[in-house]
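*Asks:* how would this look folded up:
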Amino acid sequence: MKIKVLTGLALLAGATLLNTGCKKYLDVNTNPNVAQDVPVDQLLPSAEVALASSMGVDLQINGSIWAQYWTQAPSSSQYKIYEQYSPSASTYDRVWGLLYSTSLEDMDRMEKKATAGNQTQYVAIAKILKAYTFQVITDGWGDIPFSEALKGLPEDGGNTAPSFDAQSAVYDAIIKMVRDGRTALQNSTGAQTIDGDVIYGGNKAQWIKFANTLELKLFLRLSEKSPAKAQAGVAAVMTSANGTGGGGFIDEGDDAVVNYSSEAGNQNPLYSEMSGLQSVQNLVASKTSVDTMNANNDYRLFIFYNLASNGTFAGLAQGNYTASPSTVVSITGNAVGADVRNDASALAPVKFMTSYESKFLQAEAVARGWGTSLETDEELYNDGVHASFFAYAGAFAGQELLLADVGDQSANGNTVQEQIFLTADYAYYSYVNEDTLFGVPAATWATYPTAGTVQEKLKFIITQKWFAMNGNQGFEAWTEWRRTGYPDFFTISVNSIIGNKFPRALFYPDVEVQRNRNFPGQRLITDKVWWDIH
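*Replies:* Predicted coordinates for the structure are as follows:
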């Protein structure tokens with residue numbers, strides 16, 4: 001990037017990035033064997049925090065490497081199985097267990113107890129969260145235990161070997177689950193309260209927005225496999241959500257996240273994991289991401305990565321962990337919890353669904369002609385870009401990065417009258433319009449092809465979504481690449497052992513292979529899930 005850095009970046013360590021007023025909710029873990037004795041307001045945070053651990057560690061690392069945001073540091077070995085495209089079945093034992101045996105188990109218990117106690121809002125949130133979690137699982141693994149899942153306890157039938165449901169059937173079921181949950185929320189009385197919710201603090205309106213956005217995402221996931229079904233579903237949810245009393249979609253300020261603090265036990269799970277690995281910085285910037293952002297004068301580089309030792313943003317070719325340890329490369333940033341050297345990483349939130357994801361989903365729906373909105377697809381696209389930059393407003397300010405001092409000359413010959421610091425405002429407007437200070441035109445990827453074909457528009461929407469999800473929604477970014485083929489500039493890992501191919505799905509975990517007599521058989525890592533036709 002053509003940036004005049006006049007102050008150091010080490011000041012980030014003291015920056016306060018986000019509101020982290022969280023309770024010590026990690027202390028409410030639930031033993032599934034006695035879950036019937038735990039109240040719903042403790043089951044809910046336990047389920048949410050376990051889900052955040054899944055999305056924030058295993059799936060974040062795996063997704064962010066395969067989405068080519070991150071790569072293994074030279075001479076490190078912690079994540080080389082992902083770079084080689086050679087994880088084993090046991091690689092996924094932990095995350096499968098967290099998703100099924102903790103998150104879904106607690107959600108299911110919460111739903112049953114809330115149903116018995118006529119606590120409608122807890123029932124609704126349980127349904128919506130279960131749908132989100134099952135979508136994550138089926139998007140990663142394809143066919144999964146669903147209709148016979150969560151029935152292992154004697155009172156539930158004692159089924160410890162559930163059959164696997166086809167992914168198409170799982171999608172039909174979780175779409176209904178979202179709709180049922182949203183309807184229950186909309187019909188619940190205002191007198192009911194939701195305690196223990198660490199995502200939205202019991203805000204019913206925000207949960208309705210979450211449900212609407214999740215349903216939109218579910219139908220768009222089917223866009224390439226079942227376009228007619230996807231179109232009908234998208235049209236219905238766009239009309240409903242944008243109508244009177246529909247609740248709308250996730251907007252800026254409505255992101256579904258779990259926040260963390262610097263307190264031990266309540267820290268960002270990725271930072272905690274990295275700290276537990278002797279605080280070794282195993283993750284660095286991928287050349288795929290850094291080169292594209294550098295070419296677009298994208299100040300989000302300061303958020304997602306750190307400047308390298310030579311004062312530039314430098315990426316390592318994807319998978320090139322055999323490079324010399326002296327290779328100049330940027331490490332991953334604390335704003336996404338991935339800089340183990342910086343204690344501010346402990347404060348990074350885990351993000352489930354975001355305002356920028358929501359805006360890009362809506363932009364895609366309108367661009368395809370499948371849904372209507374008060375805004376055009378271009379306006380929604382620009383909203384998504386804006387939301388991406390301003391989600392990190394605190395992190396931009398925390399850089400305390402002086403771009404120009406009094407008396408400096410701008411590219412257009414004007415004299416700088418007061419100090420100019422990097423802010424989200426400056427970063428966004430220079431990206432979308434132009435950087436008059438340094439004489440850099442608007443970013444190529446910020447210039448939406450308003451008169452372009454549907455496919456040209458989709459390429460911009462999905463690629464811009466990929467920029468926004470850098471290191472914070474890594475699994476979702478990899479999933480969207482599988483669905484659409486965008487971005488279309490990914491490179492094969494330097495140390496791939498599967499040839500000129502990319503991973504398309506996760507291996508079923510060893511615990512399922514070894515213990516479930518109804519396990520249908522392991523797949524190849526290049527086998528595609530049902531909706532992936534690219």
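*Asks:* buried residues in stretch 92-99?
*Replies:* For stretch 92-99, a neighbour-count test (16 or more other Cβ atoms under 10 Å) marks Tyr92, Asp93, Val95, Trp96, Gly97, Leu98, Leu99 as buried. Every C-beta, even on glycine, is put in place using the N, C-alpha and C of the backbone.
*Asks:* looking at those residues, which are in helices?
*Replies:* If you go by DSSP state H, those have Asp93, Val95, Trp96, Gly97 in helices.
*Asks:* quick one, what contacts the second one?
*Replies:* Contact criterion Cβ atoms under 8 Å, 6 or more residues apart in numbering gives Ser54, Val57, Asp58, Leu59, Pro509 as the residues in contact with Val95.
*Asks:* gap between it and Ala124?
*Replies:* The gap separating Val95 from Ala124 is 26 Å, by Cβ to Cβ, to the nearest Å.
*Asks:* equivalent analysis for the third one, please.
*Replies:* Summarising the geometry, the distance separating Trp96 from Ala124, computed by Cβ to Cβ, is 26 Å.
*Asks:* which ones are touching the residue nearest to Tyr200 when sequence neighbours are not counted?
*Replies:* Once flanking residues are discounted, Tyr200 sits nearest to Gln206: 4.4 Å by Cβ to Cβ, 6 or more residues apart in numbering. Counting by Cβ under 8 Å, 6+ apart, Gln206 touches Tyr200, Ile250, Asp254, Ala256.
*Asks:* distance of the third one from Ala228?
*Replies:* I take that to be Asp254. 31 Å.
*Asks:* still on that earlier bit, which two among the buried residues of stretch 92-99 are spaced furthest apart?
*Replies:* Asp93 and Leu99 (11.2 Å; Cβ to Cβ).
*Asks:* and the contacts of Val95, which is closest to Asn412?
*Replies:* The closest of the contacts of Val95, once distances to Asn412 are taken by Cβ to Cβ, is Leu59, at 45.9 Å.
*Asks:* for the closest residue to Glu148 other than its chain neighbours, grab the count of nearby residues.
*Replies:* Leaving aside its sequence neighbours, Glu148 sits nearest to Pro162 (Cβ to Cβ, 6+ apart; 3.6 Å). Using other Cβ atoms under 10 Å, Pro162 has 21 neighbouring residues.
*Asks:* Pro162 touches Pro145, doesn't it?
*Replies:* Yes: counting by Cβ atoms under 8 Å, Pro145 is a contact partner of Pro162 at 3.8 Å.
*Asks:* which residues does Glu418 contact?
*Replies:* Glu418 neighbours (Cβ under 8 Å, 6+ apart): Val406.
*Asks:* quick check: it is in a strand.
*Replies:* No: counting by DSSP: H, G, I helix; E, B strand; the rest coil, one finds Glu418 to be coil, located in no strand.
*Asks:* per-residue confidence for it?
*Replies:* At Glu418, the pLDDT value in this model is 95.
*Asks:* cool, Ala15 as well?
*Replies:* In this model, Ala15 is scored at 29, pLDDT.
*Asks:* which helix or strand contains Tyr82?
*Replies:* Using DSSP states H and E, Tyr82 sits in helix 80-83.
*Asks:* got a list of what the residue sitting nearest the centre point of the chain touches?
*Replies:* By Cα atoms, centre = their mean, the chain has its centre lying nearest to Gln473, at 1.9 Å. Counting by Cβ under 8 Å, 6+ apart, Gln473 makes contact with Gly63, Lys351, Thr354, Glu357.
*Asks:* hmm, who's touching the helix holding Tyr82?
*Replies:* Helix 80-83 has contacts (Cβ under 8 Å, 6+ apart) with 61-62, 65-66, 71-72, 87-88, 91, 318-319, 321, 493-496.
*Asks:* so which of those residues wins on neighbours?
*Replies:* Highest count within the contacts of helix 80-83 by other Cβ under 10 Å belongs to Thr71, 32 neighbours.
*Asks:* what's next to stretch 429-447, contact-wise?
*Replies:* 2-4, 292, 295-299, 382, 385, 389, 403-404, 410-412, 416, 420, 460, 463-464, 467.
*Asks:* give me the distance between the nearest residue to Asp255 once chain neighbours are set aside and Leu316.
*Replies:* Among residues not flanking Asp255 along the chain, Thr354 sits closest, at 4.7 Å (Cβ to Cβ, 6+ apart). Distance of Thr354 to Leu316, computed by Cβ to Cβ: 27 Å.
*Asks:* between these two, who's got more neighbours?
*Replies:* Between Thr354 and Leu316, counted using other Cβ under 10 Å, Thr354 has the larger neighbour count: 27 against 24.
*Asks:* got the phi and psi for that one?
*Replies:* Main-chain torsions, Thr354, degrees, to the nearest 10: phi -130, psi 170.
*Asks:* related to what we said a few turns ago, can you select the buried ones from the contacts of stretch 429-447 in ChimeraX?
*Replies:* Only the buried entries of the contacts of stretch 429-447 go into this ChimeraX selection, using 16+ other Cβ under 10 Å:
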select :3,292,296,297,298,299,382,385,389,403,404,420,460,463,464,467
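*Asks:* the contacts of stretch 429-447 in helices, which ones?
*Replies:* Those of these mapping onto helices are Thr292, Ala295, Asn382, Val385, Phe389, Phe460, Thr463, Gln464, Phe467, per DSSP H.
*Asks:* how about those in CSV, adding distance to Tyr171 and pLDDT?
*Replies:* What follows is the ones in helices among the contacts of stretch 429-447, written out as CSV (distance: Cβ to Cβ, whole Å; pLDDT from 0 to 100):
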residue, distance to Tyr171, pLDDT
Thr292, 32, 98
Ala295, 37, 97
Asn382, 31, 98
Val385, 29, 98
Phe389, 33, 98
Phe460, 27, 98
Thr463, 25, 98
Gln464, 26, 98
Phe467, 27, 98
